[in-house]
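> quick one, what's the 3D model for this:
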Amino acid sequence: MTIPYSPIVPPPNGGLPLVLQGWFLRLADVVNLVLGGKLNATIERVSLTPNVAGTAIIDARISPTSVILFMPLTAAAAGELGAGTMYVSSQTAGSAMVTHTNSGSTLRDFRVLIVA
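Model prediction:
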């Protein structure tokens, strides 16, 4: 299902200093990307470290209050998430620790969403 949205139209060029014109054009581009769902809030692939019970995720967008969500990319990752044995055990500015089962599997890959 497609949900339409009204894009932000940049202000007319007349009457604004050139510095502000460029800034408003960039602002309109960023707002339109956000309205289109492009939030720049994902990590493309995180693989759980095999043979240990935890994996560190390092990313400057992580804060102590971020919500971190996982989307499994493999059957092994879906099994890990579905078993309820994987969770974010701690997080600070720039990093989070994910606790999980100690498994030799190298196929537990996730896409990660970081919000806030």
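
> pull out the buried residues from stretch 85-97.
Taking 16 or more other CB atoms under 10 Å as the basis for neighbour counts, the residues of stretch 85-97 that come out buried are M86, V88, Q91, A96. C-beta here means a position set from N, CA and C on the backbone, and glycine is covered the same way.

> typo on my end, stretch 57-64
By neighbour count, with 16+ other CB under 10 Å as the criterion, the buried positions of stretch 57-64 are I57, I62.

> contacting residues around that stretch?
The set of residues external to stretch 57-64 that reach it, using CB atoms under 8 Å, 6 or more residues apart in numbering, is 41, 43, 46, 68, 91-98, 112, 114, 116.

> related to what we said a few turns ago, identify the farthest-apart pair in the buried residues of stretch 85-97.
Of all pairs drawn from these, the one with the longest distance (CB to CB) is M86 and Q91, at 14.3 Å.

> re the thing from before, for the contacts of stretch 57-64, which one is nearest T74?
When these are compared for distance to T74 (CB to CB), V46 comes out closest, at 11.7 Å.

> show me the contacts for that closest one.
With CB under 8 Å, 6+ apart, V46 has these contacts: T55, I57, F70, V98, D109, F110, R111, V112.

> now it: phi and psi?
Here the main-chain torsion angles of V46 (degrees, to the nearest 10) amount to phi -120, psi 130.

> most centrally placed residue in this structure?
For the chain, the residue whose C-alpha lies nearest the mean C-alpha position (CA atoms, centre = their mean) is T42; its distance is 2.3 Å.

> list the beta-bridge partners for it.
Here T42 sits in beta bridges with L113, as judged by DSSP bridges.

> now swap in S90 and tell me
For S90, the beta-bridge partners are M97 (DSSP bridges).

> surely it touches V98?
No: using CB atoms under 8 Å, S90 is not in contact with V98, being 9.4 Å away.

> where along the chain do the strands fall?
Secondary structure of the chain by DSSP state E: the strands cover 42-47, 54-58, 67-72, 87-92, 95-99, 109-115.
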